[in-house]
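**Q** give me a model of this one.
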Amino acid sequence: MKKQIEIYVRNSGDRNLLMLHVPEGMKERLIEGIRNGSFEAQDASIHLELSILNEWKDVDNPEHVRLEVNEITASYE
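**A** Numbers count the residues shown, from 1 in each chain. As a prediction, the model looks like this:
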């Protein structure tokens with residue numbers, strides 16, 4: 001079983017999406033962790049991937065990015 005959670009932030013036209021790809025065997029553990037306020041990757045890795053658009057950058061602090069997420073999607077493999 002693949003033990004890697006992948007999180008992507010993607011721009012799709014006028015919407016920003018937060019996409020979660022979670023191995024089926026970790027689904028319940030992740031949901032329980034969200035309910036309890038914490039999820040640790042004890043036996044798995046978690047990766048975040050995003051491309052940063054210029055309009056997301058803070059002019060005063062270019063290392064900081066703030067964007068509105070319009071939709072959260074989840075897929076379980």
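**Q** neighbouring contacts of the helix or strand hosting Leu18?
**A** Using DSSP states H and E, the element containing Leu18 is strand 15-22. Applying C-beta atoms under 8 Å, 6 or more residues apart in numbering, the contact partners of strand 15-22 are 5-11, 30, 67-77. Every residue, glycine included, has its C-beta placed from N, CA and C.
**Q** each with direction, which strands does that strand pair with?
**A** In the sheet, strand 15-22 lines up against strand 4-12 (antiparallel), strand 71-76 (parallel) (DSSP bridges).
**Q** quick one, which of those gets closest to Gln42.
**A** Closest approach to Gln42 among the strands paired with strand 15-22 (C-beta to C-beta): strand 4-12, 12.1 Å.
**Q** list the buried residues of that closest one.
**A** Using 16 or more other C-beta atoms under 10 Å as the test for burial, strand 4-12 gives 5-6, 9, 11.
**Q** pLDDT and distance to Arg35 added to the residues you listed, as TSV?
**A** Listed next are those as TSV, based on pLDDT from 0 to 100; distance: C-beta to C-beta, whole Å:
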residue	pLDDT	distance to Arg35
Ile5	91	16
Glu6	93	21
Val9	94	23
Asn11	90	29
